[in-house]
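# Got a predicted structure plus its sequence, pasted below:
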Amino acid sequence: MNTQVKTADLAGADIQDTKAMMDALGAAAKAAASVLAIAPRAQKDKALLEASKALRAATPDILVANARDVAAMVEKGAAASFIDRLTLDEDRVDAIASGLEAIADLPDPVGTVIADWERPNGLKISRVRTPLGVIGVIFESRPNVTADAGALCFKSGNAAILRGGSDSYLSSGAIHACLVKGLKAAGLPETSIQLVPTIDRAAVGAMLSGLDGAINVIVPRGGKSLVARVEEEARVPVFAHLEGICHMIIDKSADVDMARKLVVNAKMRRTGICGALETLLVDRAVVDTHLLPILDDLKAAGCAVRGDETVCRLVDWADPASEEDWRTEYLDSILAVRVVDDLDAALSHIKTYSSNHTEAIIAEDEAAVERFFNEVDSAILLHNASTQYADGGEFGMGGEIGIATGKMHARGPVGLEQLTSFNYRVRGTGQARP
């Protein structure tokens with residue numbers, strides 16, 4: 001089968017039907033996946049490094065495409081946090097290129113022996129990492145996902161079908177062109193990483209159907225409505241999180257200076273990412289010593305506060321929090337703040353409102369920390385650190401395709417290892433089962 005089908009050919013004027021186009025993408029990806037499954041690390045790494053070079057060389061063209069995307073979103077009145085996620089500059093393009101280099105530098109997970117053992121009858125059994133096959137990634141807003149997701153799927157031996165949003169269509173296309181240059185330079189199928197060449201929403205439905213068995217798993221990266229649709233309609237497994245309603249507990253044993261620094265960082269460093277702090281829970285015992293300085297810092301940083309009765313009594317600039325505020329992922333310069341009677345109350349709040357994404361505790365009391373780690377059921381738990389560290393790159397994984405909050409197969413940052421499955425390899429010397 002010819003694996004050198006070009007994505008551009010699939011978008012030709014002779015293919016008008018979206019389903020036919022998507023089925024062609026799926027067939028090409030499936031063929032490419034069989035090549036990638038046995039491709040040596042050196043060849044895959046060369047593709048990533050060449051793509052990185054192409055990205056840096058194409059920076060002016062990428063920024064022109066991105067400026068057009070951003071202008072269209074500004075004209076539509078998009079929120080500032082949305083624009084921030086969409087916007088590229090030279091530093092961000094350089095970071096995307098560096099991300100490809102970091103992924104190239106990571107060990108190849110394919111073929112890694114996870115465990116091995118020998119049975120009394122002499123059979124030698126190994127559990128070995130293998131690619132998943134074809135991964136469909138549906139994303140919004142962030143053009144960098146084109147490179148991050150494509151590279152992670154590729155390095156782990158999988159073909160990728162990427163469907164970006166209409167908001168980042170031109171930016172994603174410019175970045176994808178650089179990935180294709182890297183694939184060509186390494187002599188690997190250009191269809192190893194494909195970008196869906198249409199903004200027709202029917203393409204999403206086609207991917208969710210599995211493309212006649214071509215797609216093995218779907219990864220959504222976007223807003224609540226997108227992820228909800230994917231989880232409801234997908235006929236293939238999904239790595240997803242619905243929301244990042246991240247909590248931070250300020251325990252009565254917390255160091256006040258540390259608490260002040262970490263709250264502002266967790267909320268305000270980048271408000272539009274899924275690891276941004278959305279709800280702060282402060283022990284009543286440290287309201288005077290910790291909460292008031294934290295509120296002052298938040299105000300100075302330009303953060304609005306939706307507070308409970310205690311918070312609103314302490315500062316006249318806070319707005320009263322409604323029940324909905326405890327369930328909201330703002331992705332903006334807004335923080336819900338509640339004063340709790342003790343650690344029990346804080347843990348109870350998290351169990352009620354958490355999206356099981358990321359939670360943190362600021363505390364010096366080891367017993368409180370252990371309770372937090374043992375009793376909170378979220379994918380990422382942090383002690384004395386900002387929730388903004390909820391990121392595969394910061395975990396040393398070289399990047400991530402997303403944060404999964406489910407409990408099957410992959411949980412937390414989905415990096416190279418999480419994009420593989422495994423098989424069992426059994427070696428014998430002629431054993432027949434009695």
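Yes, it's here.
# use CA for all of it now, contacts and neighbours both
Fine.
# Show me the shaky parts of the stretch 301-434 of the chain.
398 (pLDDT under 70).
# for it, what spans make up the helices?
Secondary structure of the stretch 301-434 of the chain (DSSP state H, counting those that start in this stretch): helices at 309-314, 343-353, 366-375.
# send the alpha carbons of the first one over as PDB?
Listed next in PDB are the C-alpha coordinates belonging to helix 309-314 (Å, rounded to 0.1, in the frame of the first residue of the first chain):
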ATOM      1  CA  GLU A 309     -19.800  35.300  53.500                       C
ATOM      2  CA  THR A 310     -16.600  35.500  55.500                       C
ATOM      3  CA  VAL A 311     -14.600  36.800  52.600                       C
ATOM      4  CA  CYS A 312     -17.200  39.400  51.600                       C
ATOM      5  CA  ARG A 313     -17.300  40.600  55.200                       C
ATOM      6  CA  LEU A 314     -13.500  41.100  55.300                       C
END
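# Flag every buried residue along that helix.
Judged by neighbour count using 16 or more other CA atoms under 10 Å, the buried positions of helix 309-314 are V311, C312.
# who's in contact with it?
Defining contact as CA atoms under 8 Å, 6 or more residues apart in numbering, one finds that helix 309-314 is touched by L292, A318, D319, P320, V337, R338, V339.
# Just among these, which is most surrounded?
Neighbour tally across these (other CA atoms under 10 Å): the maximum, 28 neighbours, falls on V337.
# Now do it against A301, distance only.
Applying CA to CA, to the nearest Å, the value for V337 to A301 is 16 Å.
# quick one: which of the contacts of helix 309-314 is nearest to D251?
Minimum distance to D251 across these is 10.8 Å, recorded for V339 (CA to CA).
# and the gap between that closest one and L416?
V339 is 40 Å from L416, where distance means CA to CA.
# residue contacts, V196?
Shown in contact with V196 (CA under 8 Å, 6+ apart): M22, L25, I161, L162, R163, G164, A203.
# Mind telling me the two of the contacts of helix 309-314 farthest from one another?
Maximum pairwise distance among these (CA to CA): 16.4 Å, between L292 and P320.
# quick one on the thing from earlier: same list (the contacts of V196) but as TSV, adding distance to E101.
Listed next are these as TSV, based on distance: CA to CA, whole Å:
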residue	distance to E101
M22	30
L25	27
I161	21
L162	20
R163	23
G164	22
A203	31
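# Closest one of those to H247?
G164 (29.3 Å).
# Look up how far A33 lies from the closest residue to the closest one other than its chain neighbours.
Once flanking residues are discounted, G164 sits nearest to F139: 5.0 Å by CA to CA, 6 or more residues apart in numbering. Counting by CA to CA, the gap from F139 to A33 is 21 Å.
# ok, these two, which is more surrounded?
Shown here are F139 and A33; by other CA under 10 Å, A33 has more neighbours (28 against 23).
# so which helix or strand takes in that one?
helix 18-36 (DSSP states H and E).
# which other helices and strands contact the following helix or strand past that helix?
Using DSSP H and E, the helix or strand that directly follows helix 18-36 along the chain is helix 41-57. When contacts are defined as 3 or more CA pairs under 8 Å, 6 or more residues apart in numbering; DSSP states H and E, helix 41-57 sits against helix 90-105, helix 144-155, helix 169-186.
# so where's the stretch 101-250 of the chain uncertain?
Where the stretch 101-250 of the chain drops to pLDDT under 70, the residues are 241-242.
# Most distant residue from the centre of this structure?
Computed with CA atoms, centre = their mean, the residue of the chain farthest from its C-alpha average is P434, at 49.1 Å.
# Let's have the helices of the stretch 301-434 of the chain in a markdown table, adding distance to L281.
Shown next, in a markdown table, are the helices of the stretch 301-434 of the chain (distance: least, CA to CA, whole Å):
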| stretch | distance to L281 |
| --- | --- |
| helix 309-314 | 11 |
| helix 343-353 | 6 |
| helix 366-375 | 13 |
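# for these, which one sits closest to P40?
The closest of these to P40 is helix 366-375. By CA to CA, the value is 39.9 Å.
# contact partners of stretch 289-305?
256, 259-260, 263-264, 268, 282, 314, 317-319, 333-337.
# send the alpha carbons of that stretch over as CSV?
Extracted C-alpha coordinates of stretch 289-305, given in CSV (Å, rounded to 0.1, in the frame of the first residue of the first chain):
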residue,chain,number,x,y,z
THR,A,289,-2.7,36.0,59.2
HIS,A,290,-3.0,34.4,55.8
LEU,A,291,-6.3,35.2,54.0
LEU,A,292,-6.1,39.0,54.2
PRO,A,293,-2.6,39.3,52.8
ILE,A,294,-3.5,36.8,50.0
LEU,A,295,-6.6,38.8,49.1
ASP,A,296,-4.5,42.0,49.0
ASP,A,297,-2.0,40.2,46.7
LEU,A,298,-4.8,39.0,44.4
LYS,A,299,-6.3,42.4,44.1
ALA,A,300,-2.9,43.9,43.3
ALA,A,301,-2.4,41.3,40.6
GLY,A,302,-5.8,42.2,39.0
CYS,A,303,-7.7,39.2,40.1
ALA,A,304,-11.4,39.5,40.9
VAL,A,305,-12.7,37.4,43.9
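# ok, so what distance separates the closest residue to A51 other than its chain neighbours from P189?
In space, and not counting its chain neighbours, A51 is closest to G182: 4.1 Å by CA to CA, 6+ apart. Distance check for G182 against P189: by CA to CA, it reads 10 Å.
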